[in-house]
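Trainee: what follows is a predicted protein model with its sequence.
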Amino acid sequence: MDDWRGKSPNEILTKSPEDRSSWHFFQARSWLDYATRENAPSAIHYAAFELRYGLEYLLFELLLLASESLTLREYRKAIGNPKETKKMLKSPARDYVKLTEFTKIVVSVDSDAPPLQFWNLDDLFRHWGVASEFLHFLGPHSANYSEIDWTAKAIGRLDSVLSSIWSAMTDTIGNAMMRPSQMPPEVHQAWTEFKDGTLAKDDLTRRLMIMQPILRMRRKGETGWQHKGRRIWKIPKD
């Protein structure tokens, strides 16, 4: 992705949209960089908008990753409602938090695993809250824009969030999730026990390490890990 630094407002506004959350984070970084260079308060709000939009898109991407399928009714509930998306992610049918923890352990025991990103839902919603602060009326300008250090503090607050997200995205090849339906039988059994609380984390780690030789033999390719690219998703029909 192009460097987000040094963009003019016209360059930011006319950048061709890409169908992924990272595009919105790029836009947010570009606006915040412009706000820093030009001491432009309006650009801070534009950055906050793109940040929050990107976070809501990211939550939707995670919902797709954690779902065996997504109905039209679920899709409609998720669009424009991040809290409902979070509720679906935490539902027993998906159990995002537990499945993420399990996937992280699977990756940790495989030396061939590529660098992958795992998102904490509570952290994402804290970030969403920070972005939201700048999308509401903040009082008369005498209480914010006119204050000497308001702009610097606002930029710093948004930058702390954006920098952590951007670093996580650019230092890995992407998000990861193991769907139960795609797990090898031995791994699926371990997942079932881990999810039910009958298999502790340390015991799961040991069991997965023992499994590695046989799992590697079954896989195709030199490393056993295959990057299949971004999944094309279509809106479900009735």
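Mentor: Cool, got the structure.
Trainee: from W150, how far off is the most far-flung residue of the chain relative to its centre?
Mentor: Of all residues in the chain, S142 has its C-alpha farthest from the mean position, at 36.4 Å, by CA atoms, centre = their mean. Between S142 and W150 the distance is 10 Å, computed by CB to CB, to the nearest Å. The C-beta positions use only the backbone N, C-alpha and C, and glycine is treated the same way.
Trainee: what's the strand or helix carrying S22 packed up against?
Mentor: According to DSSP states H and E, S22 maps onto helix 21-38. Secondary structure elements in contact with helix 21-38, counted by 3 or more CB pairs under 8 Å, 6 or more residues apart in numbering; DSSP states H and E, are helix 9-13, helix 41-66, helix 150-170.
Trainee: in the second one, what counts as buried?
Mentor: By neighbour count with 16 or more other CB atoms under 10 Å, helix 41-66 contains the buried residues 41, 43-63, 65-66.
Trainee: hang on, the earlier thing: now what about the helix holding S22, what contacts it?
Mentor: If you take CB atoms under 8 Å, 6 or more residues apart in numbering as the criterion, helix 21-38 is touched by 1-2, 4-9, 11-12, 15, 17, 40-44, 46-51, 53-55, 57-58, 60-61, 151, 155, 158-159, 162, 165-166, 169.
Trainee: could you list the low-pLDDT ranges of the chain?
Mentor: Under the criterion pLDDT under 70, the flagged ranges of the chain are 1-2, 220-238.
Trainee: taking the centroid of it, which residue is nearest it?
Mentor: L58 (4.4 Å).
Trainee: separation between the residue nearest to it when sequence neighbours are not counted and Q27?
Mentor: Counting by CB to CB, 6 or more residues apart in numbering, L58 lies nearest to S21, which is 4.0 Å off, once chain neighbours are set aside. Counting by CB to CB, the separation of S21 from Q27 is 11 Å.
Trainee: same question, G139
Mentor: From G139 to Q27 the distance is 26 Å (CB to CB).
Trainee: higher neighbour count, those two?
Mentor: Q27 (23 against 8; other CB atoms under 10 Å).
Trainee: returning to what we had before: list every C-alpha atom in the helix holding S22, with coordinates, as PDB.
Mentor: Output of helix 21-38 as PDB, limited to C-alpha atoms (Å, rounded to 0.1, in the frame of the first residue of the first chain):
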ATOM      1  CA  SER A  21     -10.700  -2.400   6.500                       C
ATOM      2  CA  SER A  22      -7.000  -1.500   6.000                       C
ATOM      3  CA  TRP A  23      -8.000   1.000   3.300                       C
ATOM      4  CA  HIS A  24      -9.900   3.100   5.800                       C
ATOM      5  CA  PHE A  25      -7.000   3.000   8.300                       C
ATOM      6  CA  PHE A  26      -4.700   4.200   5.500                       C
ATOM      7  CA  GLN A  27      -7.100   7.100   4.900                       C
ATOM      8  CA  ALA A  28      -7.200   7.900   8.600                       C
ATOM      9  CA  ARG A  29      -3.400   8.000   8.800                       C
ATOM     10  CA  SER A  30      -3.300  10.300   5.800                       C
ATOM     11  CA  TRP A  31      -5.800  12.700   7.300                       C
ATOM     12  CA  LEU A  32      -4.100  12.700  10.700                       C
ATOM     13  CA  ASP A  33      -0.700  13.300   9.000                       C
ATOM     14  CA  TYR A  34      -2.300  16.300   7.100                       C
ATOM     15  CA  ALA A  35      -3.800  17.600  10.400                       C
ATOM     16  CA  THR A  36      -0.300  17.400  11.900                       C
ATOM     17  CA  ARG A  37       1.400  19.200   9.100                       C
ATOM     18  CA  GLU A  38      -1.200  21.900   8.600                       C
END
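Trainee: appreciated, that's everything.
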